[in-house]
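K.L.:
With the sequence up front, the predicted model follows.
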There are 2 protein chains.
Amino acid sequence: MATIEDVAKLAGLSRTTVSRVINDQPYVTEEKKQRIIQAMKQLGYVPNSSARRLRSQKTETIAVLLPRVTNPFYGNLIEAMEERASELGYQVIVCQTHDSKQKELDYLQLLHTKQVDGVVMTSVINEWEEIEPFLQSGPIVLCNEYRAESQVSMVHMDHRLAAYESTMHLIEQGCRRIAYVSGGRESHVSFERKLGFTEALQEKAITFHTEMVIDWAENVQDGQRAFYDLTENFPEVDGIFTGSDEVAAGIIYEAGQSAWKIPGDIAVTGFDNQMLSLLMVPSITTISQPVREMAEKTIEVLYSQIVHKKVYQPSRYVYDHHLLVRNSSKRKTLSFQ
Amino acid sequence: MATIEDVAKLAGLSRTTVSRVINDQPYVTEEKKQRIIQAMKQLGYVPNSSARRLRSQKTETIAVLLPRVTNPFYGNLIEAMEERASELGYQVIVCQTHDSKQKELDYLQLLHTKQVDGVVMTSVINEWEEIEPFLQSGPIVLCNEYRAESQVSMVHMDHRLAAYESTMHLIEQGCRRIAYVSGGRESHVSFERKLGFTEALQEKAITFHTEMVIDWAENVQDGQRAFYDLTENFPEVDGIFTGSDEVAAGIIYEAGQSAWKIPGDIAVTGFDNQMLSLLMVPSITTISQPVREMAEKTIEVLYSQIVHKKVYQPSRYVYDHHLLVRNSSKRKTLSFQ
DNA sequence: TTGTATGCGTTATCAG
DNA sequence: CTGATAACGCATACAA
């Protein structure tokens, strides 16, 4: 493997001059420049990136923490992030936490050991006190997830309002005994969503059936299980708010195998507007998030924090959502209220 | 940021000794060891990974090249790869090529510039002659994709046979005018599949309608377009072989919006056994691939090639598939043959 | 416009 | 068992 030294020798010049043309800096004659370029070609020279990293204290790499890539929401997020990062000349390391506190901390170590210049967290498992110290090693930006108390930049949408609108829609469709089915860990996001859910119920003076809350449903299989749990234990259920299109799809699939009609007997809403929500029969009422915009903004914010180290000005961007009403919830409103 | 030097000073010892305890090498008194550990803690010392890389010529990082993360097949692949790599102490860089030759080459440069120790390619866009030179910079392993002529390790399944079985199944269901709808670029994989498709037709003396070949369909939207192209131009079509569950889902979705019945009028098969194929109505007949096993084997092969640099023995692993017959193709066999 | 010298933080070699 | 010293490959102050 040729080094800068080899190139310099072959061109009959010094390492410095070679370095100058590599980083195209000024002050180098066109003639010598060509001589060096020629030599580089001849030797198949490529700058060694480990050496550059050590010397320049930059890695041009960022880590993106997420639960798992195959969760379509996070998949979409990292897809867009990688594209934007690539445009800015950055590499992206995938860090799947699988909702493990330990793995989350392990991956944050990448920041500490200078393997990455910055970190994006799309979910937060540990208490914030565990995370905060890592901010001294480099910038962290929260995307999707948020923490009110923390001094970091955040990019997300208003999950409380989204859940509120979705729930209100179920109520308007005549639902009165609504189950709340959401995903794993207790994140700020799910906290906010449940807040919106209960606000809507309260506003319409509808009872919040705490027995009808399921907090372990994240994917299609969970949705299938949730359907049985709910219909067996609470046959009076007439509406289900879910935290993801996958869970909603699982419910709808199992309903299809049973005598329950959707939306007739039970109206269902999903979240995220995945392709799946459009393809299911019935199609799923859901909340669309501007995933790509949020992902790109996140990378841009992180990028600018990496570049302007000094100016540590945490910023916050809140994006709009849209309620997409589809067939899984659309039914004749009972003449009730 | 504390360095090894700081730790040495604080402990009143030399860098060498500190280095020894970091890499727990023998020959260091328990007492001094403790003294050093104490000092490291006190300073919050963490070894600088850039320096280690430069010194050891290892990055403990691999690059995984794929078209896009949100294609569920590749998403599943990289999910499993990241997990296995993580177990082996390796980081994974996501490299989305978007089927661009240039991006593929750009990402391969990571190997050349020593930013990664090895590369996994799950698709190959460029001619093999373009790729081959990179083998001199480090190991490359092909997963899913394969190249008969090349001297690299490969992990994949028999796409020819899978397509053959799938097509044969359509024929057994009474299909006689079968369309072939597959994805973008001309890969070896798609070549093999088409081979299996034509073999099945030939064996049953059924005409291969080359007009009924679509080669640009990769996702749900494409499937939707393909449905219209096909049914408008060839209303006699009675079977469709597709290269992915997404495309099949798009077709089924559009059929649902029209007067066409699936599988009654047209039988459809997908590929990959995504969750989607089970959830669609009708559920999609498809080919299941042992994605996780292939992904893990790929990482293990790459790992061993990284570790045992010298022994460059390209290996090849072929995995089994399964035809899963579901409703999208199941129909009363016409009393025909 | 070009070159010299130095250091980024580690680890390996070799001498003590 | 321990430590001084030399790389690893590059970029940058400083000198010329």
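P.N.:
Happy to help now that I have it.
K.L.:
where do the strands sit along the stretch 151-300 of chain A?
P.N.:
Applying DSSP state E, counting those that start in this stretch to the stretch 151-300 of chain A gives strands spanning A:153-157, A:178-181, A:213-214, A:239-242, A:267-269, A:286-288.
K.L.:
who does the second one pair up with?
P.N.:
Which is strand A:178-181. strand A:213-214 (parallel), strand A:239-242 (parallel) (DSSP bridges).
K.L.:
mean confidence for that strand?
P.N.:
Throughout strand A:178-181, pLDDT has a mean value of 97.
K.L.:
Outside of it itself, list whatever touches it.
P.N.:
A:167, A:170-171, A:194, A:197, A:201, A:206, A:209, A:212-214, A:217, A:223, A:226, A:230, A:234, A:237-243, A:247, A:251 (C-beta atoms under 8 Å, 6 or more residues apart in numbering or on different chains). No exception for glycine: its C-beta is placed from N, CA and C like everyone else's.
K.L.:
ok, the one residue sitting closest to the centre of chain A - contacts?
P.N.:
Per C-alpha atoms, centre = their mean, the C-alpha nearest to the average position across chain A is that of A:T122, at 4.1 Å. Residues in contact with A:T122, defined by C-beta under 8 Å, 6+ apart, are A:64-67, A:74, A:77-78, A:142-145.
K.L.:
do the same with A:V92
P.N.:
By C-beta under 8 Å, 6+ apart, the contact set of A:V92 is A:61-64, A:78, A:81-82, A:85-86, B:93-94.
K.L.:
Next: A:P67.
P.N.:
A:74, A:96-99, A:122-123, A:184.
K.L.:
what about A:T286, neighbour count?
P.N.:
30 (other C-beta atoms under 10 Å in any protein chain shown).
K.L.:
Contacts only, for the closest residue in space to it that isn't next to it in sequence.
P.N.:
With sequence-adjacent residues excluded and distances taken as C-beta to C-beta, 6 or more residues apart in numbering or on different chains, A:T286 is closest to A:G270, at 4.1 Å. Residues near A:G270 by C-beta under 8 Å, 6+ apart: A:242, A:244-249, A:277, A:284-287, A:328.
K.L.:
Could you save the residues you listed as JSON lines and add columns showing pLDDT?
P.N.:
Shown next, in JSON lines, are those (pLDDT from 0 to 100):
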{"residue": "A:T242", "pLDDT": "97"}
{"residue": "A:S244", "pLDDT": "95"}
{"residue": "A:D245", "pLDDT": "97"}
{"residue": "A:E246", "pLDDT": "96"}
{"residue": "A:V247", "pLDDT": "97"}
{"residue": "A:A248", "pLDDT": "98"}
{"residue": "A:A249", "pLDDT": "98"}
{"residue": "A:S277", "pLDDT": "97"}
{"residue": "A:I284", "pLDDT": "98"}
{"residue": "A:T285", "pLDDT": "98"}
{"residue": "A:T286", "pLDDT": "98"}
{"residue": "A:I287", "pLDDT": "98"}
{"residue": "A:S328", "pLDDT": "97"}
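K.L.:
So A:L142 lies in a strand, does it not?
P.N.:
Yes. Counting by DSSP: H, G, I helix; E, B strand; the rest coil, A:L142 is located in a strand.
K.L.:
For it, grab the count of nearby residues.
P.N.:
Neighbours of A:L142 using other C-beta under 10 Å come to 25.
K.L.:
Quick check: bridge partners of it?
P.N.:
Beta-bridge partners, per DSSP bridges, of A:L142: A:M121, A:M154.
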